[in-house]
Every structure is written in structure tokens, then in C-alpha cells.
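Colleague: the following comprises the amino acid sequence and a computationally predicted model.
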Amino acid sequence: MVDMSDAEITMLLRQLLEDILSLFPKAGLATLVIFVTLLFVKLLNKAINWLVRTSRLEDYVKRAVPEGTRIPVNSLIIFLADAGVIATSTAIVVRIFVPEYTQAYRDLIAYIYRVGSVVVLSMLTFVIIDALVKSMRLERKTERFFTMLSLLLITLLLIDLAALSSEIKLALAIGIAIGIGLLIGVFSLWAFFGEQIDLLLRTLRSKEIAESRDRDLPVSSED
């Protein structure tokens, strides 16, 4: 154990106290930024609702997609706007605590915007798929295919955000890429040759039924 003199202990405690006291102004400024952000988001949401209502944007969307979308247009615009404001506010808070032009600052800012881009892309993907399915009146199976495909693509984006080693990320990415290829291949086979496969299966089934009936018939005996 390293022996420390009273002077060194006093100096260490003083340095620790100075570091703690230096955080109070930063914490107060970060709290102010968060409060202003929440107030701005609230006002922005009211403004977006008013603009969507006065411009009748929902009516134009219903003309393009008669059955409407699962997520209202105003909710989608509010979500995208709030995501941008929150990402900017988070970057400002990071700037308060982390010195600018350092590697840690650049990494944190890059990670924040990567997370925001994945969230926005995920939301847009589901909205576009939902609008496409309802406007084209696709079958339920086709809708499930597009949903599964979008989930795999979003999972591929989330892997890049995870704190995993490069080898694990590469293995997961290759596995998901193979899954996407198989999913597209099976869907293409069903879409282009579904009727022929169904007809072939029905023919084989009818033959099996006919053969089973022939085996169940009693054999006639001669007198």
C-alpha cells in the first residue's frame, strides 16, 4: 500500500472538491438546455398540428392511400421534428461536458446522429411499407414478407450501433445477409411459380387419395 502524507491527501481532496464544484455550472447549463428543448418541442408540436390541420394534408394522403396509414401524418411529422430537435439538444449537452475538437466529442456526436438516423429510417420504412400495402391492396402474405424484410434490414443497422467486436458484427451481418437472400428467393419462387407449385401439390394429393382408395377396396373372390 502506498503511504501518502497529510499534504498529499489534502491536495487530493481539494482537487476532488474543485472538480465537483466545476460540474455545477455545467449541470445547471445542461438542465437549462433540456428545459428549453422540452418547451421548444411542445411549441413545435402545436405548430405542426396547426399546419397539418389548416393545410388539410391528411385529406391529400387519404386520396393517395384510401385506407389511410396506421400512423397519422401529423404524428409522423412531429416524430421526425422531435427527433431532430432532441438529437441537436443532446449534442449541445455533450458539448457542455466534453471539450470540443476531441476524439471523445467527435465519437459521441457521430454515435448520436447514427442512432437518430436508424430511428428515423426505421419509422419511414414501416410507414412506406404500410402505405404501399394499403394503396396496392397486396395480400396478407406479401405484407408479412415486406415487414420481415424491413425488420431484417433494421436489425442489420442496429448491429452497427451495438458495442460488439468487429468479428461478431461481421458474422451477424453475414448471417442476416444470407437470411435476406433466402427470404427474397423464397418469396420470388412463391410469387412467380406459386400457382404451378399449388397445382402440382394438388395433383400429387389427388393421386395419393386415389391410390389409398384403390388399396382400401375389397378384393372380389371367385366362386
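Modeller: Received it, and whenever you're ready, just let me know what you need. Every value quoted in this text rests on a predicted model; they were computed, and no experiment measured them.

Colleague: mind checking how far Gly185 is from Phe192?
Modeller: The spacing between Gly185 and Phe192, counted by CB to CB, to the nearest Å, is 11 Å. Where C-beta positions appear, they are placed from N, C-alpha and C, glycine not excepted.

Colleague: ok, and what's touching stretch 37-45?
Modeller: 78, 81-82, 85-86, 89 (CB atoms under 8 Å, 6 or more residues apart in numbering).

Colleague: show me how to select, in ChimeraX, the buried members of the residues you listed.
Modeller: Taking 16 or more other CB atoms under 10 Å as the burial criterion, the selection of buried members of the contacts of stretch 37-45 in ChimeraX is written as:
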select :78,82,86,89
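
Colleague: redo the contacts of stretch 37-45 as a markdown table? Include distance to Val119 and pLDDT.
Modeller: Formatted as a markdown table, the contacts of stretch 37-45 follow (distance: CB to CB, whole Å; pLDDT from 0 to 100):
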| residue | distance to Val119 | pLDDT |
| --- | --- | --- |
| Ile78 | 14 | 87 |
| Ala81 | 13 | 86 |
| Asp82 | 11 | 87 |
| Val85 | 13 | 88 |
| Ile86 | 10 | 85 |
| Ser89 | 15 | 87 |
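
Colleague: so which of the contacts of stretch 37-45 sit within helices?
Modeller: Cross-referencing those against helices under DSSP state H gives 78, 81-82, 85-86, 89.

Colleague: which one of the residues you listed is nearest to Asp160?
Modeller: Ile86 (20.6 Å; CB to CB).

Colleague: residues in contact with the closest one?
Modeller: The neighbourhood of Ile86, defined by CB under 8 Å, 6+ apart, consists of 37, 41, 116.

Colleague: in a markdown table: the contacts of stretch 37-45, plus distance to Leu57.
Modeller: Below are the contacts of stretch 37-45 laid out as a markdown table (distance: CB to CB, whole Å):
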| residue | distance to Leu57 |
| --- | --- |
| Ile78 | 12 |
| Ala81 | 14 |
| Asp82 | 18 |
| Val85 | 20 |
| Ile86 | 23 |
| Ser89 | 27 |
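
Colleague: closest one to Leu199 out of the contacts of stretch 37-45, please.
Modeller: Set against Leu199, the nearest of the contacts of stretch 37-45 by CB to CB is Ile78 (50.0 Å).

Colleague: on that earlier part again, can I get the contacts of Ile86 in TSV with neighbour count?
Modeller: Listed next are the contacts of Ile86 as TSV, based on neighbours: other CB atoms under 10 Å:
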residue	neighbour count
Thr37	18
Val41	16
Gly116	18
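
Colleague: among those, which one has the lowest pLDDT?
Modeller: Ranked by pLDDT, these bottom out at Gly116, which has 78.

Colleague: name the nearest residue to the spatially most central residue of the chain, ignoring sequence neighbours.
Modeller: The chain has Ser122 as the residue nearest its centroid, 3.6 Å off, counting by CA atoms, centre = their mean. The spatially closest residue to Ser122, leaving aside those adjacent along the chain, is Ile154, at 4.9 Å (CB to CB, 6 or more residues apart in numbering).

Colleague: how about that neighbour, phi and psi?
Modeller: When read as degrees, to the nearest 10, the backbone of Ile154 gives phi -70, psi -40.

Colleague: noted, bye for now.
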